[in-house]
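Enquirer: Build me a model:
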Amino acid sequence: MHEVYLEVGGNQGDRLELIIEVKKQIAKYIGEIVNQSSIYETPPWGFESELNFYNQIILVESNLEVSELLASIHKIELSLGRIRGTEQYISRTMDIDILFYGIEVIDQLNIQVPHPRIQDRKFVLIPLAELNDLFVHPKLNKTINQLLLECTDTSKCLKLNI
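Expert: Residues are numbered from 1 along each chain as shown. Predicted structure coming up:
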């Protein structure tokens with residue numbers, strides 16, 4: 001079994017319903033959800049949009065190998081209306097990022113784990129800290145709490161009371 005931290009989020013459509021649906025599909029196709037952060041509303045990161053994102057971090061126990069995990073993620077995103085284009089940062093119904101795959105470091109053409117920009121994004125670090133602030137980033141050798149304290153991202157992350 002692998003402990004997998006996933007970040008899910010989107011800024012198009014019924015954002016809350018899409019978060020609920022993505023968790024159902026993750027449980028069905030990827031593995032058991034063993035913990036989840038609060039849902040946060042955050043501004044777009046890396047591009048301009050009037051639509052804010054809903055984001056959540058989910059901890060999953062999965063027996064999928066990383067290539068199978070990535071294939072399942074792409075199928076789930078597609079089923080929820082994700083359209084992949086050439087632009088990296090765009091509005092979307094659902095995005096699922098693999099943040100951590102246990103403590104493994106994977107650097108392949110189509111996948112990098114840990115996610116290479118965890119330390120730059122408060123919308124990832126704040127909910128991660130909520131789940132496990134003492135988790136040590138296997139590449140940077142710093143806790144999530146340390147990374148959050150060092151993060152220069154100034155965007156607001158509003159915890160939703162839902």
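Enquirer: what comes up buried for stretch 14-30?
Expert: 15, 18-19, 21-23, 25-26, 29-30 (16 or more other CB atoms under 10 Å). No exception for glycine: its C-beta is placed from N, CA and C like everyone else's.
Enquirer: tell me what the helix or strand hosting residue 33 is packed against?
Expert: Secondary structure assignment for residue 33, by DSSP states H and E: strand 32-36. Where contact means 3 or more CB pairs under 8 Å, 6 or more residues apart in numbering; DSSP states H and E, strand 32-36 is packed against helix 15-29, strand 53-62.
Enquirer: Let me know the average pLDDT across that strand.
Expert: Averaging pLDDT along strand 32-36 yields 97.
Enquirer: Could you export that strand as PDB, CA atoms only?
Expert: What follows is strand 32-36, C-alpha atoms only, in PDB (Å, rounded to 0.1, in the frame of the first residue of the first chain):
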ATOM      1  CA  GLU A  32      -9.400   4.400   0.300                       C
ATOM      2  CA  ILE A  33      -9.600   8.000   1.400                       C
ATOM      3  CA  VAL A  34      -8.100   7.900   5.000                       C
ATOM      4  CA  ASN A  35      -8.000  11.700   5.600                       C
ATOM      5  CA  GLN A  36      -8.900  15.000   4.000                       C
END
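Enquirer: contacts for the very next helix or strand once past that strand?
Expert: Sequence-wise, the next helix or strand downstream of strand 32-36 (DSSP H and E) is strand 40-42. With contacts defined as CB atoms under 8 Å, 6 or more residues apart in numbering, strand 40-42 is touched by 9, 52-56, 122-123, 126-127, 155-160.
Enquirer: Recalculate using a threshold of 10 Å.
Expert: If you take CB atoms under 10 Å, 6 or more residues apart in numbering as the criterion, strand 40-42 is touched by 9, 11, 15, 52-57, 121-124, 126-127, 130, 153, 155-160.
Enquirer: hey, where'd the helices end up in this structure?
Expert: 15-29, 66-79, 122-132, 144-150 (DSSP state H).
Enquirer: Could you list every helix and strand in contact with the longest one?
Expert: This means helix 15-29. strand 2-10, strand 32-36, strand 53-62, helix 66-79, strand 95-101 (3 or more CB pairs under 10 Å, 6 or more residues apart in numbering; DSSP states H and E).
Enquirer: about what we covered before: how about the helices and strands packed on strand 32-36 in JSON lines, adding mean pLDDT and distance to residue 98?
Expert: Listed next are these as JSON lines, based on pLDDT from 0 to 100; distance: least, CB to CB, whole Å:
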{"stretch": "helix 15-29", "mean pLDDT": "95", "distance to residue 98": "12"}
{"stretch": "strand 53-62", "mean pLDDT": "96", "distance to residue 98": "10"}
